[in-house]
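> I would like the atomic coordinates for the input below:
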Amino acid sequence: MKFVDEFRNNEYAKILVEKLNNISSKKINIMEVCGTHTMAIFRYGIRDVLPSNINLISGPGCPVCVTPQSYIDTAITLCEKENVIIATFGDMMRVPGKKGSLSMQKAQGADVRIVYSPMDCLTMASQNPSKEIVFLSVGFETTAPMTAVTAIEAKKNDMKNLFFFTAHKIVPPVMEVLLQDKELKIDGFLLPGHVCAIIGTKPFEFLSEDYNIPGVVTGFEPIDILQGLNTLVSLISKKDHRIENDYKRIVKTQGNPIALEYLNKAFNIVDSSWRGLGRIGASGLEFNSEYEDFDALKHFKIDYEEYDGSPGCKCGEILKGKIKPTDCPLFKKLCTPENPVGSCMVSSEGTCAAYYRYHKDTK
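Down below sits the predicted model:
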C-alpha cells in the first residue's frame, strides 16, 4: 500500500474508538469471516479498545482451518506414491491428520515442496518430466482464480504431469449456514476484503434481503477495521440492513471480472465439506469436464472418503463462533503452534493461533 501510514494513524484511531463508544450501548455481536481480519484485530489490539458492549466473534475465515482432516490424509497418500512431488503452500505442512502431517512425511523422505503460487508448478512440471506434480489447491475465492489460470496454462501447453487436489471453498454459503444456526446470535458481519475483491459485494446481499443482517466490507489496516466497525455498528443501531463497502480502494461492486471469468472457465460449483460445519451446498469448486484431466483424485483413482476432526479438539465449535479457543481444554496445553492438535492452531490466520499469540487473559 502506498500510503500505509495514513491507515495506522494513532490519533485518527482514537477518534474512531471514541465514536464507537457513542453510537450504541446495546450488546452487539459482530462476526468476521476472514482469517486476515482475525489476525489483524488481535495484532493491532482492537479488541482491547472496543467498548464492552461490542463483541467480536471469529468465524470460519481460514481456508486451512476449514479443510477436513481427511484431505490431509489423502494428501499424504498421494505423497507416498512413487515419482510424485507434492507442491503446497507452507501453512498446510503442519496440519495434523490421522496419518501424521506433510511436514513429517517430508522428514521421512517424501518429496514435498513449498511453493508461493500454483504457477510455480508449471516450471516444476517442466523441469521434472518423469515426475507427477500434485498441487494442493486449498483456499477461498481469493486463491482459486490462480489455480484456474494455472490449469488453463497447463492445458494450453499440453502438460501431462501436473495435477491438482482441490479443496477450494466459497464463502457466502457458509455464512448462510451460520445464520440458520439457532444457537448463534449474529447482528452483523465484517465482510472479507480479499474475497470481495474477487467476487464483489452482490453475493452478500442475501444477508440483508433474506436475514435482515447488515454487512460491511473492510480492509485490514487498523483504520480500515475501526471505520468498518463504526459503519456496521451504526447500521445495526439504526436497524438498517444494507451491505456497505468501506474498502472501495480495492473492492468493486461487480468484483474482478477477469478473475471471475477464469473461475467460470475452469470450475463447477459443487457441495463441499467444511471442518466442524459438515457438508454445505454449493460451497466448493471442482474442475469442470474440460479440465477434469487435471483432477488428482481422478487421475490416481483415489476413492476419497471424507471424515473430520481430531480427538478432544474443539476446532468445529471455534469455527462456528460458539466457543473461544480459551474454552478448549487442549488450548496452550496439548495444543500449541509447535505441536498442533487441530488445524485452527496451525495457520497464521487460524483463530487458535491468533489467541495463542496475542490473547490477554484479562480481556
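> contacting residues for the closest residue to Ile72 other than its chain neighbours?
Sequence neighbours aside, Gly97 is the residue nearest to Ile72 in space, at 3.4 Å (criterion: C-beta to C-beta, 6 or more residues apart in numbering). Backbone N, C-alpha and C define where each C-beta goes, glycine included. Listed by C-beta atoms under 8 Å, 6 or more residues apart in numbering, the contact set of Gly97 reads Gln69, Ser70, Ile72, Asp73, Ala75, Ile76.
> how many neighbours does the first one have?
In this case it means Gln69. Neighbour count for Gln69, taken as other C-beta atoms under 10 Å: 22.
> can you check the fifth one too?
The criterion is other C-beta under 10 Å. On that basis, Ala75 has 27 neighbouring residues.
> likewise for the fourth one?
Neighbouring residues of Asp73 were enumerated by other C-beta under 10 Å; the total is 19.
> and what of the second one?
Ser70 has 18 neighbouring residues, counting by other C-beta under 10 Å.
> pretty sure it contacts Glu305?
Yes. In terms of C-beta atoms under 8 Å, Ser70 counts as a neighbour of Glu305; the distance is 6.3 Å.
> what sits against Gly228?
Leu190, Val216, Val217, Thr218, Gly219, Asp246, Tyr247.
> setting aside sequence neighbours, what's the nearest residue to it?
Setting aside the residues directly before and after it, Gly228 is nearest to Thr218 in space (C-beta to C-beta, 6+ apart), at 3.0 Å.
> give me the phi and psi for the one you found.
Taking degrees, to the nearest 10, you get phi -140, psi 160 for the backbone angles of Thr218.
> for the longest strand along the chain, name the packing helices and strands.
Determined from DSSP state E, the single longest strand within the chain is strand 278-287. Taking 3 or more C-beta pairs under 8 Å, 6 or more residues apart in numbering; DSSP states H and E as contact, the helices and strands that strand 278-287 lies on are strand 162-169, helix 171-179, strand 267-274.
> buried deepest among the ones you listed, which one?
Comparing these by mean neighbour count (mean count of other C-beta atoms under 10 Å), strand 162-169 ranks first with a mean of 25.
> and that strand, how far out from the chain's middle?
For strand 162-169, the separation from the chain centroid amounts to 15 Å (computed by C-alpha atoms, centre = their mean, to the nearest Å).
> any idea of the angle it forms with strand 267-274?
In terms of direction (axes from the mean of the first three to the mean of the last three C-alpha atoms, to 10 degrees), strand 162-169 departs from strand 267-274 by 60 degrees.
> pull strand 162-169 out as CSV, backbone CA atoms only.
Extracted C-alpha coordinates of strand 162-169, given in CSV (Å, rounded to 0.1, in the frame of the first residue of the first chain):
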residue,chain,number,x,y,z
LEU,A,162,0.6,-31.7,-13.4
PHE,A,163,-2.5,-32.4,-11.3
PHE,A,164,-4.5,-30.6,-8.6
PHE,A,165,-6.1,-31.9,-5.4
THR,A,166,-8.7,-29.2,-5.0
ALA,A,167,-10.4,-28.1,-1.8
HIS,A,168,-11.5,-24.6,-2.8
LYS,A,169,-14.3,-23.1,-0.8
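> that one packs against which elements?
helix 69-79, helix 120-127, strand 132-139, helix 144-156, strand 267-274, strand 278-287, helix 296-299.
> my read is Ile57 is in a strand, agree?
Yes. Counting by DSSP: H, G, I helix; E, B strand; the rest coil, Ile57 is located in a strand.
> now Lys360: how far from Asp210?
For Lys360, the distance to Asp210 (C-beta to C-beta, to the nearest Å) stands at 38 Å.
> quick one: low-confidence parts of this protein?
Applying pLDDT under 70 to the chain picks out residues 1-3, 361-363.
> any chance you could map the strands in it?
Under the criterion DSSP E, the chain contains strands at 28-32, 54-58, 84-88, 112-114, 132-139, 162-169, 188-192, 215-218, 243-245, 267-274, 278-287.
> let's have those in a markdown table, adding distance to Met124.
Shown next, in a markdown table, are the strands of the chain (distance: least, C-beta to C-beta, whole Å):
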| stretch | distance to Met124 |
| --- | --- |
| strand 28-32 | 35 |
| strand 54-58 | 35 |
| strand 84-88 | 6 |
| strand 112-114 | 7 |
| strand 132-139 | 5 |
| strand 162-169 | 8 |
| strand 188-192 | 30 |
| strand 215-218 | 36 |
| strand 243-245 | 38 |
| strand 267-274 | 22 |
| strand 278-287 | 19 |
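> what's the closest of these to Gly45?
Closest approach to Gly45 among the strands of the chain (C-beta to C-beta): strand 54-58, 12.2 Å.
> what about the nearest residue to Leu122 once chain neighbours are set aside, neighbour count?
Nearest residue to Leu122, sequence neighbours excluded (C-beta to C-beta, 6+ apart): Glu153, at 6.0 Å. Glu153 has 15 neighbouring residues, counting by other C-beta under 10 Å.
> and Met345, by the same measure?
31.
> please save the CA atoms from the lengthiest helix in the chain in PDB.
For the chain, the longest helix by residue count, based on DSSP state H, is helix 222-237. Extracted C-alpha coordinates of helix 222-237, given in PDB (Å, rounded to 0.1, in the frame of the first residue of the first chain):
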ATOM      1  CA  PRO A 222      -6.400  -0.700  11.900                       C
ATOM      2  CA  ILE A 223      -8.100   2.300  10.500                       C
ATOM      3  CA  ASP A 224      -9.900   0.100   8.000                       C
ATOM      4  CA  ILE A 225     -11.200  -2.200  10.700                       C
ATOM      5  CA  LEU A 226     -12.200   0.600  13.100                       C
ATOM      6  CA  GLN A 227     -14.000   2.500  10.300                       C
ATOM      7  CA  GLY A 228     -15.800  -0.700   9.200                       C
ATOM      8  CA  LEU A 229     -16.900  -1.300  12.800                       C
ATOM      9  CA  ASN A 230     -18.200   2.300  13.000                       C
ATOM     10  CA  THR A 231     -20.200   1.800   9.900                       C
ATOM     11  CA  LEU A 232     -21.500  -1.600  10.900                       C
ATOM     12  CA  VAL A 233     -22.500  -0.600  14.500                       C
ATOM     13  CA  SER A 234     -24.300   2.400  13.100                       C
ATOM     14  CA  LEU A 235     -26.200   0.300  10.700                       C
ATOM     15  CA  ILE A 236     -27.100  -2.200  13.400                       C
ATOM     16  CA  SER A 237     -28.300   0.500  15.800                       C
END
